[in-house]
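> Model the following, please.
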Amino acid sequence: MSSGAVSSKPRIGIGYAPGINCHEETAYAVELAGGIAEIVLVHDLLAGQVDLAGYQGFIIPGGFSWGDHIAAGRVYAVHLMARLGEQFREFASQRPVLGICNGYQVLMEMGLLPAGELGERSGALAQNRSARFESRWVRLRAAGNDTFWTEGLVGRTLCLPVAHAEGRMVIRSGTIVRPAFVYVDESDRPTEAYPANPAGSPDGVAGTVDYSGLVLGMMPHPERAVLEVHGSTDGLALFRNLVRRCS
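So this is what the prediction gives:
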């Protein structure tokens, strides 16, 4: 690129906080999908040294933010709500936000999923029914909701890895959930049965979108399935859909 030229590729921020450990892989997946990935220190966002509005999309990656003290993702969520609440709400109402594993837990703690009400938690991701840290491959299917995230994925069985101890969705009565991905058994049917469903989430839910379809949270790790050497490239399609939407 010549000096002074403006890239047509979308800039996608990846919010790093203490304990997050999937930021590099997530950045690589964004770049591989054709976007510009920028790992952002949450400290710098909170201090106003980095402007959230400078990104066309934002990802909260996996890991164990702040050691998952109190509850998985809660400290990260409280920081964002207390210091960037309105700014984050506005961003998420206009631009894509993706939460992967711990990032999904953060979005749930913020209230952005499943109901899309910042500061109003309507559910949580609780301990797996197995009471174990589940780290292995799972089978997924797109749930069929009309969202750009699953474009080209409906009808396909995806193989992605999971790595979590708290991924079982518990929802307040009356809350509407929009599944984006579901765990499926060997017959490709949504399942609550272990081990196909590693968390025991009801109706096989592995990921959800908000009412707008812009905010996606999912427990499986698409960034760990973007190269042949990983054993699956199924995760790359999701990042390509994100980059395409942000372009």
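
> roughly how far apart are the residue nearest the centre of the chain and residue 165?
Computing the C-alpha centroid of the chain and ranking residues by C-alpha atoms, centre = their mean puts residue 99 first, at 2.3 Å. Relative to residue 165, residue 99 is positioned 17 Å away (criterion: C-beta to C-beta, to the nearest Å). Every residue, glycine included, has its C-beta placed from N, CA and C.

> ok, back up a step: can you name the helix or strand that the residue nearest to the centre of the chain falls in?
strand 97-100 (DSSP states H and E).

> what's the burial count for residue 148?
Using other C-beta atoms under 10 Å, residue 148 has 15 neighbouring residues.

> and it, backbone torsions?
In terms of degrees, to the nearest 10, the main-chain angles of residue 148 are phi -60, psi -30.

> which residue packs closest to it, ignoring adjacent ones?
Leaving aside its sequence neighbours, residue 148 sits nearest to residue 245 (C-beta to C-beta, 6 or more residues apart in numbering; 4.8 Å).

> List the residues that contact residue 199.
Under the criterion of C-beta atoms under 8 Å, 6 or more residues apart in numbering, the contact list for residue 199 reads 125, 128-129, 134, 164, 166-169, 219.

> Of those, which pair is most distant in space?
Across the contacts of residue 199, no pair lies farther apart than 134 and 169, at 14.4 Å, counting by C-beta to C-beta.

> Of those two, which one has the most company?
Taking other C-beta under 10 Å, residue 134 and residue 169 do not tie; residue 169 has more neighbours (25 against 19).

> Put the alpha carbons of the particular helix or strand that has the more buried one in it into PDB.
Take DSSP H and E as the rule and residue 169 turns out to sit in strand 168-171. Written as PDB, here are the backbone C-alpha positions of strand 168-171 (Å, rounded to 0.1, in the frame of the first residue of the first chain):
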ATOM      1  CA  ARG A 168     -24.800 -24.100  30.000                       C
ATOM      2  CA  MET A 169     -27.400 -21.500  29.200                       C
ATOM      3  CA  VAL A 170     -29.900 -20.600  32.000                       C
ATOM      4  CA  ILE A 171     -32.500 -18.100  30.900                       C
END
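
> Name the next helix or strand following that strand along the chain.
strand 178-183.

> What are the contacting residues of that following strand?
Counting by C-beta under 8 Å, 6+ apart, strand 178-183 makes contact with 114, 138-143, 145, 147, 149-150, 158, 190-191, 196-198, 201, 203-211, 213, 216, 218, 220, all of which sit outside it.
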